[in-house]
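> Give me a model of this one.
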Amino acid sequence: MVNVNLYSKDGSQSGKIELPSVFSEEVREDLIRRAVLSEETELLQPKGAFKRAGLQTTARYIGRKEAYHSLKNRGIAKLPRELYPKGRIGRVRVVPWSVKGRRAHPPKVEKIIVERINAREKKKALLSAISATAKKEFVGKKHVLPKIDIPIVFDDSCSSLSKTKDVAKLFEQLELIKDVERAKSKRKPNNGRKGGVKTPHSVLLVVDKEDKLMKAAKNLPGVSVAKVDSLKVSDLAPGGVPGRLTVWTKSAISRLSSL
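Residues are numbered from 1 along each chain as shown. I've put the predicted structure just below:
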């Protein structure tokens, strides 16, 4: 097994910790992509049109010549038309190419929009994504690597950090602030009506439970915070690309052995 350094809240080494076996798992990029797609499509909302849309009209085609409102022998197209009093007829309705007509193929709520994945495959994808956070060949493709070894593990003293400036100072001592600055410098505005600013992903902090450190760290640009019990594949591999720069707490690392 591999031992990594523990870092205290002042950035100094406070000991070593043995990594669980999950960090030696094979990285399955195909499963990671499928799992991320499954998680993203689960957030989609089903949508559909009103089933009577475009049909709530008096328009109909009556082809029997002797019938009241018959459309035969009038020298007009045999299409559903509005029916007026005293046998008069109006404009074409109902058909898709008419004014206020129905849509030819409207969206349907029963459409399958969620990418399903087996439970074992999803678990394997999560283990693969965790393992990729400890491999420089994956993390170095998207992030600015610090000079210290990865994964980076904080000891329990870091849980007392309650201010964002203190977390930023700790990141600066461990050279993680370079990746935060990369994310900040590459911000760009969102297109369309949504507005706001789009920020690239930077450091992911994984904690055991909600504490002061969790609230203070998420204010840094591009930094995300997640609890180890509710960790998703999309947290560890945004966009389905494995290798996010991840910082773990000591208690979160001990919980990984139960996965």
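
> For the residue sitting nearest the centre point of the chain, which residues are in contact?
Closest to where the C-alpha atoms of the chain average out (CA atoms, centre = their mean) is residue 40, at 4.4 Å. Contact partners of residue 40, counting by CB atoms under 8 Å, 6 or more residues apart in numbering, are residue 234. Bear in mind the C-beta positions are built from the backbone N, C-alpha and C, glycine included.

> Look at it and give its secondary structure.
Three-state call for residue 40 (DSSP: H, G, I helix; E, B strand; the rest coil): helix.

> can you check the one 10 residues further on too?
What three-state DSSP gives for residue 50 is coil.

> Distance-wise, check it relative to residue 95.
18 Å (CB to CB, to the nearest Å).

> How about residue 28?
Taking CB to CB, one finds residue 28 at 51 Å from residue 95.

> neighbour count winner among those two?
Using other CB atoms under 10 Å as the criterion, residue 28 and residue 95 rank with residue 28 on top: 19 against 15.

> shaky segments in the protein?
1 (pLDDT under 70).

> Can you verify my assumption that residue 136 contacts residue 143?
No: the pair residue 136 and residue 143 fails to qualify as a contact (CB atoms under 8 Å) at a distance of 10.0 Å.

> So for these two, which sits in the more crowded spot?
residue 143 (24 against 12).

> For the residue lying closest to the more buried one once chain neighbours are set aside, which residues are in contact?
Nearest non-adjacent residue to residue 143, counting by CB to CB, 6 or more residues apart in numbering: residue 245, 4.1 Å away. Going by CB under 8 Å, 6+ apart, residue 245 touches 133, 139, 142-143, 145, 150, 176, 179, 202-204.

> switch the cut-off to 7 Å
139, 143, 179, 203-204 (CB atoms under 7 Å, 6 or more residues apart in numbering).

> what does residue 163 give?
residue 216.

> Identify each buried residue in the host helix or strand of residue 251, please.
Secondary structure assignment for residue 251, by DSSP states H and E: helix 250-256. Residues of helix 250-256 classed as buried: 250-253, 255-256 (neighbour count, 16 or more other CB atoms under 10 Å).

> all helices for this protein, in order.
Using DSSP state H, the helices found in the chain span residues 29-41, 119-132, 136-139, 164-173, 177-185, 212-217, 233-236, 250-256.

> Now tabulate those in CSV and tack on distance to residue 62.
Listed next are the helices of the chain as CSV, based on distance: least, CB to CB, whole Å:
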stretch, distance to residue 62
helix 29-41, 46
helix 119-132, 57
helix 136-139, 69
helix 164-173, 73
helix 177-185, 67
helix 212-217, 69
helix 233-236, 57
helix 250-256, 72
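
> Please identify which of those helices is closest to residue 102.
Closest approach to residue 102 among the helices of the chain is made by helix 29-41 (28.2 Å; CB to CB).

> buried residues in the closest one?
For helix 29-41, burial by neighbour count (16+ other CB under 10 Å) applies to 29, 31-39.

> just curious, which of these is nearest to residue 4?
After measuring these against residue 4 - CB to CB - the closest member comes out as residue 32, at 22.8 Å.

> distance of the residue of the chain most remote from its centre from residue 73?
Relative to the mean C-alpha coordinate of the chain, counting by CA atoms, centre = their mean, the farthest residue is residue 66 (62.0 Å). As judged by CB to CB, residue 66 and residue 73 stand 11 Å apart.

> Likewise for residue 3?
94 Å.

> More neighbours: which of the two?
Using other CB under 10 Å as the criterion, residue 3 and residue 73 rank with residue 3 on top: 10 against 7.

> Let me know whether that one touches residue 15 as I believe.
No: with contact defined as CB atoms under 7 Å, residue 3 and residue 15 do not form a contacting pair (9.7 Å).
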